[in-house]
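1. I would like the atomic coordinates for the input below:
(chains A and B)
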Number of protein chains: 2
Amino acid sequence: MADLDRIRNAALHVKRAVDAGHQVAVVVSAMAGETNRLVDLVRKASPLHDAREYDVIVASGEQVTSGLMAIVLQSMGIPARSFLGWQLPLRTDNLHSRARILEIDGADASRRMDEGEVIVVAGFQGVSPNGRVATLGRGGSDTTAVALAAALKADRCDIYTDVDGVYTCDPRIVPKARKIDRITYEEMLELASQGAKVLQTRSVEMAMNHGVTVTVLSSFEDKPGTIVAAEIEDMEQEVVTGIAYDRNEAKITLAGVPDRPGVAAAIFGPLTQSEINVDMIVQNVSADGVTTDMTFTVTEADFDRALALLEKHRADIKYREILADKHVVKISVVGVGMRSHAGVAQTMFQALAERSVNIQVISTSEIKVSVLIGEDYLELALRALHTAYGLDAA
Amino acid sequence: MADLDRIRNAALHVKRAVDAGHQVAVVVSAMAGETNRLVDLVRKASPLHDAREYDVIVASGEQVTSGLMAIVLQSMGIPARSFLGWQLPLRTDNLHSRARILEIDGADASRRMDEGEVIVVAGFQGVSPNGRVATLGRGGSDTTAVALAAALKADRCDIYTDVDGVYTCDPRIVPKARKIDRITYEEMLELASQGAKVLQTRSVEMAMNHGVTVTVLSSFEDKPGTIVAAEIEDMEQEVVTGIAYDRNEAKITLAGVPDRPGVAAAIFGPLTQSEINVDMIVQNVSADGVTTDMTFTVTEADFDRALALLEKHRADIKYREILADKHVVKISVVGVGMRSHAGVAQTMFQALAERSVNIQVISTSEIKVSVLIGEDYLELALRALHTAYGLDAA
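-> Next comes the predicted model:
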């Protein structure tokens, strides 16, 4: 029942928008715990399962919520109709369980909205070129919402979540973290991919590509959230908007590799072919002019596979030894303002040095500086950086 | 998990058929308790709900099982693919939550079966002319199986149930009840509609209309079930094949109605218009030549509504009083053999008279004799009749 209550609560948000004269399309996710229950059933049926059948099973979660939401809206006197992925249709590619949206045909939905109906779309799902149910992977309901907003040329795309917005840092670790009122797509992308779990990276990319203004709001509380939108030129821009972290990194160092052209290709070629994503890379300056050390990070999920591959290619790469460490975290400070401000990295290094936090790897992009540190220092480092960049709440 | 075990067990039956060289299509129902869970969610969302949305929600139960069955079959090395109602497609009319099957396009399914694939069809569901999910009502999975067998011109249609076949009477009440090896469609229809819950009436009608031979088998035990098929001319036919009962009847008597033409129309017209089905009807011989009594039965579900309607039309019908009784049961003895044997009804009346069971209403058809008696006499009467017709197991 806790969950029907949430559907009712969301329906009240819809009613408010309808009463204010808006045309509304709703995208729903599965009820709490339902996706996990279904995934668990699939795993128990067979650990090695067909992704096409996985999709048939898991998509039923959103299907149920879409029908329930339509019924609850109708009970409030709002004409409503549910749409499954194949009914809209939302067309995807054939990559089952992590399909990408190719096209949404919003014609029928638009017509119904013009006639005063609220359409309720089951998120996370579409129909593949073969006419099979295809799911978009976790967070797919956010992506569905943004894609539908783009297809319907919506003025607004409000995403109701467990949190009330995007924060300058994880409030569970940094009590002085503040809610961000407005953030650019680029910053949100960096924060999302760096471990801030509010919005899926794909939904932010989709919003950026189609210029959809997204507002992240709380399902529980009625207060302003965070607007994710394009950069505004004359905005009084903070240098750093937020700080993200990722516990899911593992560090691998190949010591004593030959310092010659082509060694990077020899190392990363096999990893890439096995679809292992390498994140941070640093090559030490050669001390002896003959050999050098190569350090890089992979996700913890790929860690064992990466080590096995490197072992297998030992003869090609010709390293002396492998040093590996899973006890690392990546911290990233993000902000479009740093493009025009020098010294962002310097502030970071100094703040960490003052707390004796050793930086193992550094990587930078136009709007981001990331460092890899020992995982024991995570909380200390986050709080120090939050203060150092002037992000603390008053 | 109890339920994945059942899916695995059913998959073993499929495997045996595949190994024997058969082409197999499987129709699945929802997992135990799942349909009730979903119906409950709908009711909690709103007591007055839209049947189209009800169907979207409730059909998800069979959807999940179809995917799981496909995965389990694949894990046994059997190529398998699930099909939802809209994918087959199984086309229905627009009567949501109790839709009727209009047509099954078995072309794609046939082609896949020719290529060695087992197709797994989510039962109970189809797609309406408006492209909405439509469910067939309870027992719809049996009906789907029979309809699919007809569309695919299958040699056989095996229906796995909680019981191991059709019995001469309810074994919970009559311990000497025997499993019937072979029963005609007509007899099965009478038994099904009279309260024997093994197969839904609609599925038997469908089998009869398309000449599909149905075998009722146990999901749990591996032994011969009951074959439901057309009548065989030279069969050594029992006079009575089985005895059914229905607790779900209620008796209404209108005392002192005018004994004139048109009175039946005045009584039953309003009931029919309100879709209240009247089952047994008896009109007493008029004692005074002026008024008579009219007795009939309705289902208990329609009882209150029927009484209210009769009250409303009191002035038109002109009865003296209404006598109503919910404490009645209907017992029916069924058998195609009784067409050529006299005395079937007489045996019944005598057996009941010997136990002092008062018969309140009698109705007969070509292959059935039904009586309405007080519900307290149900068990006594069933056992007496089972013995009287020579149905007792040795």
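2. Can you name the next helix or strand after the helix-or-strand element of chain A with minimal mean pLDDT?
-> Ranked by mean pLDDT, DSSP states H and E, the weakest helix or strand in chain A is strand A:281-283, scoring a mean of 86. Following strand A:281-283 in sequence order, the next helix or strand is strand A:291-299 (DSSP states H and E).
3. Could you pull up the residues touching residue A:308?
-> By CB atoms under 8 Å, 6 or more residues apart in numbering or on different chains, residue A:308 lies in contact with nothing. C-beta: built from backbone N, CA, C; applies to glycine.
4. hmm, who's touching stretch A:51-59?
-> A:35, A:38-39, A:41-42, A:84-85, A:96-97, A:99, A:122, A:124-125, A:132-135, B:63-64, B:66-68, B:70-71, B:74, B:81-82, B:84.
5. repeat that with 6 Å
-> Contacts to stretch A:51-59, defined as CB atoms under 6 Å, 6 or more residues apart in numbering or on different chains, come from residues A:38, A:42, A:96-97, A:125, A:132-135, B:64, B:67, B:70-71, B:82.
6. so can I have TSV of those residues showing pLDDT, distance to residue B:383 and secondary structure?
-> Shown next, in TSV, are these (pLDDT from 0 to 100; distance: CB to CB, whole Å; DSSP: H, G, I helix; E, B strand; the rest coil):
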residue	pLDDT	distance to residue B:383	secondary structure
A:38	95	47	helix
A:42	96	49	helix
A:96	95	57	coil
A:97	94	57	coil
A:125	97	55	strand
A:132	97	54	coil
A:133	97	52	strand
A:134	97	58	strand
A:135	97	56	strand
B:64	97	42	helix
B:67	97	46	helix
B:70	97	46	helix
B:71	97	47	helix
B:82	97	46	strand
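7. Correct me if wrong: residue A:363 contacts residue A:370.
-> Yes: using CB atoms under 6 Å, residue A:363 is in contact with residue A:370, at 5.0 Å.
8. higher neighbour count, the two?
-> Neighbour comparison, residue A:363 and residue A:370: the larger count goes to residue A:370, with 24 against 16 (by other CB atoms under 10 Å in any protein chain shown).
9. Would you agree residue A:378 is in contact with residue A:329?
-> Yes: shown here, residue A:378 and residue A:329 form a contact pair, counting by CB under 6 Å, at 4.8 Å.
10. pLDDT score for residue A:344?
-> In this prediction, residue A:344 carries a pLDDT score of 89.
11. Ignoring the adjacent residues along the chain, who's closest to it?
-> residue A:338 (4.4 Å; CB to CB, 6 or more residues apart in numbering or on different chains).
12. isn't the one you found right up against residue A:346?
-> No: using CB under 6 Å as the test, residue A:338 is too far from residue A:346 to be in contact (11.3 Å).
13. what about stretch A:28-36, how long is it end to end?
-> Stretch A:28-36 has an end-to-end distance of 16 Å (CA to CA, to the nearest Å).
14. Flag every buried residue along it.
-> For stretch A:28-36, burial by neighbour count (16 or more other CB atoms under 10 Å in any protein chain shown) applies to A:28, A:29, A:30, A:31, A:34, A:35.
15. need the contact list for the last one.
-> In other words, residue A:35. So residue A:35 contacts residue A:61 (CB under 6 Å, 6+ apart).
16. Over to it. Which of the three states is it?
-> Following DSSP: H, G, I helix; E, B strand; the rest coil, residue A:35 is assigned to helix.
17. Could you report the distance from it to residue B:341?
-> Residue A:35 sits at a distance of 61 Å from residue B:341 (criterion: CB to CB, to the nearest Å).
18. Who is residue A:133 paired with across the strands?
-> Counting by DSSP bridges, residue A:133 forms beta bridges with residue A:127.
19. residue contacts, it?
-> Residue A:133 makes contact with A:55, A:56, A:59 under the criterion CB under 6 Å, 6+ apart.
20. Please list only the buried members of these.
-> Buried, going by 16+ other CB under 10 Å: A:55, A:56, A:59, out of the contacts of residue A:133.
21. Kindly present those as JSON lines, with separate columns for secondary structure and pLDDT.
-> Below are the buried ones among the contacts of residue A:133 laid out as JSON lines (DSSP: H, G, I helix; E, B strand; the rest coil; pLDDT from 0 to 100):
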{"residue": "A:55", "secondary structure": "helix", "pLDDT": "97"}
{"residue": "A:56", "secondary structure": "helix", "pLDDT": "97"}
{"residue": "A:59", "secondary structure": "coil", "pLDDT": "97"}
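22. All set, thanks.
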